[in-house]
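Q: Attaching a predicted model along with its sequence, questions to come.
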Amino acid sequence: MTDEKKSALKRIVIFTFLAFLPAYVIQLCLFKDGGAEHRFISNLVMMTPAAANILTRLITKDGSDTLLRINFRGNGKYYIAALLYPLILSALNAAAGILFLVKDHSFENSVLNNNIPQSIYMLLFPTAAGAVTFFICWGEEFGWRGYLTPQLEKLMSKPAAMCVSGVIWGLWHAPAVSQGLNFGKDYPLEPFSGIAVMCVSCIFYGILLSWLTEKTGSILPAAICHSCVDMASNTFSNLLIPPGSEYKYNDFYSGLVYVCIAAAVVSVWMAVIVIRRKQHGGQIEV
């Protein structure tokens, strides 16, 4: 193993430890099922990867690129993609919910059919709020895309680095998943199946966020996309599925469907990019 790879491995170990330890302590000690403090704790935990990035750089004297720039000029289409992906995901999630998850769906009782002004607000506000409050997700992106993934790429191929980064990111969520934040409780093989689903989700989601980061040389589009997904994931479901609708399955199965849709969208998106590059004789990269 070369000195560069040894240094990268050392930094990955230090970073992972520093990102996981406070996140696990905070979630396990302060997280309470059904508590109103969920959002505050989640926002606090989301800053631990950023802190780990900074501390690892200081400890190891790492002067690598921080990717802390805007780089908007010439990259507008990637910022647009960061805003569009959450809406596409939300629309497909709503369609899956109507077709497979909701009992006796009735568009007649939906918000979209009964209140157009409110529908416009519900359509625009989550994405706008996500774009404005990107700094909440900045902490994660500065850690995962701004440090962990580039370090992993020094040890392995880019696709492998994205997969490993996704698994680490998913495991970082484990305490929250085990306490029902993402998928609820009372599902088969709880909480291990929920953690596995989270890891798969983070792999595919991380591929897209890494692509945005690589293309722009900045973590800002990834932070915006991450924030918009968190804010707008239920936008179309709220518009098209009547409030109080009864679901056939619990949150875990709904989350599983959402993860499958996210994986499919990212896979198609990346496949289109690779095909276009082949057609233009370009180098095939993720």
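A: Cool, the structure landed.

Q: other SSEs contacting the helix or strand of the chain with the lowest mean pLDDT?
A: Least confident element among the helices and strands of the chain, by mean pLDDT, DSSP states H and E: helix 38-45 (a mean of 75). For helix 38-45, the packing partners by 3 or more Cβ pairs under 8 Å, 6 or more residues apart in numbering; DSSP states H and E come out as helix 3-30. Glycine gets a C-beta too; all of them are placed from N, C-alpha and C.

Q: Show me what the helix it packs on is packed against.
A: Short answer (3+ Cβ pairs under 8 Å, 6+ apart): helix 3-30 packs on helix 38-45, helix 48-60, helix 149-152, helix 158-172, helix 174-178.

Q: lowest-confidence stretch among these?
A: The stretch with the lowest average pLDDT out of the helices and strands packed on helix 3-30 is helix 38-45, scoring a mean of 75.

Q: what's next to it, contact-wise?
A: Applying Cβ atoms under 8 Å, 6 or more residues apart in numbering, the contact partners of helix 38-45 are 22, 23, 26, 27, 30, 31, 136, 176, 181.

Q: ok, and the most crowded of the residues you listed?
A: Highest neighbour count within the contacts of helix 38-45: residue 176, with 25 neighbours (other Cβ atoms under 10 Å).

Q: tell me the contacts of it?
A: Residues in contact with residue 176, defined by Cβ under 8 Å, 6+ apart, are 27, 31, 42, 45, 182.

Q: what's the answer for residue 175, then?
A: By Cβ under 8 Å, 6+ apart, residue 175 lies in contact with 23, 24, 27, 28, 31.

Q: OK, contacts around residue 235?
A: Contacts for residue 235 (Cβ under 8 Å, 6+ apart) come out as 87, 90, 122, 123, 126, 127.
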